[in-house]
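Q: Model the following, please.
(one chain, ligands or ions: 1)
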Amino acid sequence: HTSQRPKVLVICGSGLGLLADGAANKQTFRYQDIPNFPVSTVEGHEGCLVFGTIENTSCVFMQGHFHLYEGYSLCQVTFPVRIFKLIGVETVLVTNASGAICPDFKVGDIMIIKDHINLPGFAGQHPLCGPNDERFGIRFPCMSDAYSKDLRRLTWDVGNEIGCSDFIREGVYCMVSGPNFETIAEARMLLILGCDSVGMSIVPEVTVAKHCGLRVLGLSLITNMVSLDYSREEKVNHEEVLQISKMRAEVLQKMVTMLISRCQQQSINT
Ligand SMILES: Nc1nc2ncn(CCNC(CO)CO)c2c(=O)[nH]1
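A: Predicted coordinates:
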């Protein structure tokens with residue numbers, strides 16, 4: 001239903017669907033109209049695929065992604081990544097919302113993901129478990145370089161250029177399954193484990209993307225400070241997450257647009 005063949009996939013996290021607004025020649029398809037595609041059940045995840053171009057780069061935006069806590073299998077959660085690999089995507093830009101574990105972070109920061117901890121994966125909830133499909137990648141893939149150094153460096157350059165380096169960070173993202181937000185004891189454990197932020201998504205997609213040879217950049221919007229102290233009264237909620245996403249969506253859209261226009265040039269040069 002489209003002649004567009006995107007080179008870049010942007011996975012939009014909670015409340016970040018408007019990242020697609022910067023694209024031209026848009027063609028939109030609802031997940032529910034695509035055979036075998038899961039549908040979004042979470043507020044802030046529109047459930048649409050938007051094909052389009054940014055400058056001369058063909059892209060596809062997932063306005064909403066899928067989560068273990070929705071009851072989807074990891075095969076369903078990561079199905080779109082393999083589909084886009086097959087239609088020619090080379091680079092995946094994943095975005096999501098997360099809570100800050102690192103006390104130096106602030107609400108509204110944009111964390112460039114330099115590495116992740118796949119807690120569900122440690123317990124066998126892993127998209128690559130089962131027979132390996134050699135058409136996509138090897139049985140035992142290396143994951144130590146999951147997040148492209150070049151794209152992380154490019155993100156810092158773009159951030160400096162548009163004047164938002166004050167709220168750009170780099171850190172380790174930890175995925176938990178959800179749907180509850182962590183207990184204080186769990187949050188303290190994550191701090192000890194070296195996590196800088198925590199969320200309930202994107203690690204399965206990153207793992208499958210790396211397995212099949214795609215370049216990956218992860219940007220995680222810090223929407224709240226995780227409670228590490230029993231005396232603190234604040235209680236995190238999804239509405240607060242969506243509110244901060246709305247506040248930062250415009251600058252994130254500008255960053256993503258500039259990154260897409262440059263990252264393809266980078267891949268041509270390398
Ligand atoms: N403590 C904590 N704060 C957070 N802020 C955003 N997220 C990402 C989870 N997002 C969910 C609920 O908003 C929707 O997918 C989290 C999280 O997992 N834990």
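
Q: Which residue ranges of the stretch 101-250 of the chain form helices?
A: In the stretch 101-250 of the chain, the segments counted as helices under DSSP state H, counting those that start in this stretch are 119-122, 149-161, 184-192, 203-211, 238-269.

Q: which outside residues touch the fourth one?
A: Think helix 203-211. With Cβ atoms under 8 Å, 6 or more residues apart in numbering as the test, helix 203-211 has contacts from 11, 65, 68, 74, 77-78, 80-82, 85, 92, 94, 116, 118, 120-121, 126-128, 136-138, 141, 143, 146-147, 173, 175, 216, 218. In this view, the C-beta of every residue, glycine as well, is placed from N, C-alpha and C.

Q: Of those residues, keep whichever come out buried.
A: Neighbour-count burial (16 or more other Cβ atoms under 10 Å) applied to these gives 11, 65, 68, 74, 77-78, 80-82, 85, 92, 94, 116, 118, 120-121, 127-128, 136-137, 141, 143, 146-147, 173, 175, 216, 218.

Q: Let's see which of those residues end up in strands.
A: Judged by DSSP state E, those include 11, 92, 94, 116, 118, 173, 175, 216, 218 as members of strands.

Q: of these, closest to the ligand?
A: Ranked by distance to the ligand (Cβ to the nearest ligand atom), those are led by residue 175 at 8.5 Å.

Q: Give me the three-state assignment for the residue of the chain found nearest the ligand.
A: Here the residue of the chain nearest the ligand is residue 99; by Cβ to the nearest ligand atom that distance is 2.4 Å. Here residue 99 is recorded as strand under DSSP: H, G, I helix; E, B strand; the rest coil.

Q: Spatially, which residue comes closest to it, not counting chain neighbours?
A: residue 226 (4.2 Å; Cβ to Cβ, 6 or more residues apart in numbering).

Q: Pull up the residues of the stretch 101-250 of the chain that are close to the ligand.
A: Residues of the stretch 101-250 of the chain found near the ligand (Cβ under 6 Å from any ligand atom) are 178, 181-182, 198-201, 223-224, 226, 236, 238, 241.

Q: Report the inter-axis angle for the helix or strand of the chain with the lowest mean pLDDT versus helix 149-161.
A: Here the helix or strand of the chain ranked lowest by mean pLDDT, DSSP states H and E is helix 238-269, holding a mean of 85. Per axes from the mean of the first three to the mean of the last three Cα atoms, to 10 degrees, the angle that helix 238-269 makes with helix 149-161 is 110 degrees.

Q: if you skip the residues just before and after it, what's nearest to residue 52?
A: residue 23 (2.8 Å).

Q: Quick check: pLDDT value at that neighbour.
A: You'll see residue 23 listed with a pLDDT of 93.

Q: so what's the backbone phi/psi at it?
A: Dihedral pair for residue 23: phi -90, psi 150, per degrees, to the nearest 10.

Q: Can you name the residues that contact residue 230?
A: Residue 230 makes contacts with residue 184, as judged by Cβ under 8 Å, 6+ apart.

Q: cool, and the one 10 residues further on?
A: Remark: with contacts taken as Cβ under 8 Å, 6+ apart, residue 240 is in contact with 223, 224.

Q: so how far is residue 35 from the nearest residue to residue 175 once chain neighbours are set aside?
A: Closest residue in space to residue 175, ignoring its immediate chain neighbours: residue 203 at 3.9 Å, by Cβ to Cβ, 6+ apart. Between residue 203 and residue 35 the computed distance is 26 Å (Cβ to Cβ, to the nearest Å).
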